[in-house]
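>>> Predicted structure and sequence below. I'll ask about it afterward.
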Amino acid sequence: MRKAIAAKLGDAGKPLEVRAKDGVVTLSGVAANASARAAAENAARGVSGVKHVTNRIAIP
């Protein structure tokens, strides 16, 4: 599941940490802006098998 999320995020996801367990995904790290933060969450939600996303991505 982490590889699928990373593939959806592309280069924008490289500074982010993705943890997945039993369909629950936790995103953390720092995004450039609110749009990038939301895009990461939406990408994670779009992966098959994801039941819940906790978005802990900070915006500087």
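Nice, I can see it.
>>> biggest helix in the protein, by residue count?
Determined from DSSP state H, the single longest helix within the chain is helix 34-45.
>>> Could you pull up the mean pLDDT of that helix?
For helix 34-45, mean pLDDT rounds to 90.
>>> Please identify which helix or strand holds Arg19.
Secondary structure from DSSP states H and E places Arg19 in strand 17-21.
>>> What is the longest helix of the chain packed up against?
Under the contact definition 3 or more Cβ pairs under 8 Å, 6 or more residues apart in numbering; DSSP states H and E, helix 34-45 sits against helix 2-9, strand 24-30, strand 52-58. All C-beta spots, glycine's among them, are computed from the backbone N, C-alpha and C.
>>> What residues sit buried inside stretch 30-46?
Within stretch 30-46, the residues that count as buried by 16 or more other Cβ atoms under 10 Å are 31, 36-37, 39-41, 43-44.
>>> which one of the residues you listed is nearest Ala20?
Ala44 (8.5 Å; Cβ to Cβ).
>>> If we go by neighbour counts, what in the strand holding Arg19 is buried?
Of all the residues in strand 17-21, those buried under the rule 16+ other Cβ under 10 Å are 18, 20.
>>> what packs against it?
helix 2-9, strand 24-30.
>>> Pick out the shakiest of the ones you listed, pLDDT-wise.
Minimum mean pLDDT among those: helix 2-9, a mean of 68.
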